[in-house]
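Trainee: Sequence and predicted model, in that order:
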Amino acid sequence: MLKIKDDVKLEELEKFGFKYFNDVRSYRYGCLDYLKDSLEIFINNARVITMTSDRSILELDVLYDLIKADLVEKIYRGG
């Protein structure tokens, strides 16, 4: 599982095209028209990255940019 590092200010995500949505207290990237195929990367309060829809080139490009900028870390679920 991937998450945004704890020491990263979430406002930094706006440089990568993310927008903050106060109603759900999260940053989202991508198409928000739910009548169409939604393409978004959802960053919740726990900083976990959740990708909806099929992985597209656009999502993977943004995720790659976040990783290259050293904003993302891999965490492991217990089990």
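Mentor: Done, it's in.
Trainee: C-alpha only now, for contacts and for neighbours.
Mentor: Will do.
Trainee: And the next helix or strand past the lowest-mean-pLDDT helix or strand in the chain?
Mentor: Using mean pLDDT, DSSP states H and E, strand 39-43 stands out as the lowest-scoring helix or strand of the chain, at a mean of 74. Next helix or strand after strand 39-43 toward the C-terminus (DSSP states H and E): strand 49-52.
Trainee: In stretch 58-70, which of the residues would be classed as buried?
Mentor: Glu59, Val62, Leu63, Leu66 (16 or more other C-alpha atoms under 10 Å).
Trainee: Just confirm the second one is within a helix.
Mentor: What it means is Val62. Yes - under DSSP: H, G, I helix; E, B strand; the rest coil, Val62 falls within a helix.
Trainee: Roughly how far does the closest residue to it other than its chain neighbours sit from Tyr76?
Mentor: In space, Val62 comes closest to Phe16 once its chain neighbours are excluded; the distance is 7.1 Å by C-alpha to C-alpha, 6 or more residues apart in numbering. Going from Phe16 to Tyr76 by C-alpha to C-alpha, to the nearest Å gives 25 Å.
Trainee: Look at these two and report which has more neighbours.
Mentor: When Phe16 and Tyr76 are compared for neighbours, Phe16 comes out ahead with 13 against 7, by other C-alpha atoms under 10 Å.
Trainee: what helix or strand does Lys3 sit in?
Mentor: strand 2-4.
Trainee: For that strand, name the packing helices and strands.
Mentor: strand 49-52, strand 72-74 (3 or more C-alpha pairs under 8 Å, 6 or more residues apart in numbering; DSSP states H and E).
Trainee: Mean pLDDT lowest where, among these?
Mentor: Here those differ in mean pLDDT, and the lowest is strand 49-52 at a mean of 79.
Trainee: Partner strands of that strand and their direction?
Mentor: Sheet pairing of strand 49-52 (DSSP bridges) gives strand 39-43 (antiparallel).
Trainee: Name the spans of this protein whose pLDDT lies under the cut-off.
Mentor: Residue ranges of the chain with pLDDT under 70: 31-40, 53-56, 78-79.
Trainee: cutoff 50 now
Mentor: 35 (pLDDT under 50).
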